[in-house]
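Q: this is the structure alone, sequence omitted:
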């Protein structure tokens with residue numbers, strides 16, 4: 001069994017490398033990460049696991065929405081306020 005800490009550190013290294021390398025090839029980083037995730041999920045020795053929906057709803061979604069809100073320019077929000 002592989003140490004979970006090793007998996008986390010490896011994941012951080014992969015994300016860091018993709019973030020640096022993908023823009024040099026004019027490819028969106030999230031697309032490369034999705035392709036890597038798809039490839040890893042197809043490996044026969046990787047066990048299947050599920051994440052409870054509450055973990056995503058409480059632990060993942062709020063930080064993503066917060067960071068997106070901070071990056072949204074106020075001028076664009078005012079322009080799009082009526083359709084929203």
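A: Looks like it came in fine. From a predicted model like this one, the values you see are computed outputs, not experimental measurements.
Q: packing partners for the longest helix seen in the chain?
A: Longest helix of the chain, by residue count under DSSP state H: helix 4-21. Taking 3 or more CB pairs under 8 Å, 6 or more residues apart in numbering; DSSP states H and E as contact, the helices and strands that helix 4-21 lies on are helix 29-41. From N, CA and C alone the C-beta is placed, and that goes for glycine too.
Q: please state the offset of the helix it packs on from the chain centre?
A: Relative to its parent chain, helix 29-41 has a centroid offset of 10 Å by CA atoms, centre = their mean, to the nearest Å.
Q: flag every buried residue along stretch 7-18.
A: residue 18 (16 or more other CB atoms under 10 Å).
Q: I meant to write stretch 31-42 there.
A: 32-33.
Q: distance check, the residue nearest the centre of the chain against residue 82.
A: Centroid-nearest residue in the chain: residue 30, 6.5 Å away (criterion: CA atoms, centre = their mean). Distance, residue 30 to residue 82, by CB to CB, to the nearest Å: 30 Å.
Q: cool, residue 32 as well?
A: 36 Å.
Q: now do residue 6
A: Distance from residue 6 to residue 82, by CB to CB: 51 Å.
Q: which one's more surrounded, these two?
A: Neighbour count, other CB atoms under 10 Å: between residue 6 and residue 82, residue 6 has more, with 9 against 6.
Q: which residues touch that one?
A: Going by CB atoms under 8 Å, 6 or more residues apart in numbering, residue 6 touches no other residue.
Q: same deal with residue 21?
A: Residue 21 neighbours (CB under 8 Å, 6+ apart): none.
Q: any idea of the pLDDT on it?
A: Here, the pLDDT recorded for residue 21 equals 92.
Q: again with residue 4
A: Looking at residue 4, the pLDDT reads 81.
Q: what's the answer for the one 5 residues further on, then?
A: The predicted local distance difference test score for residue 9 is 93.
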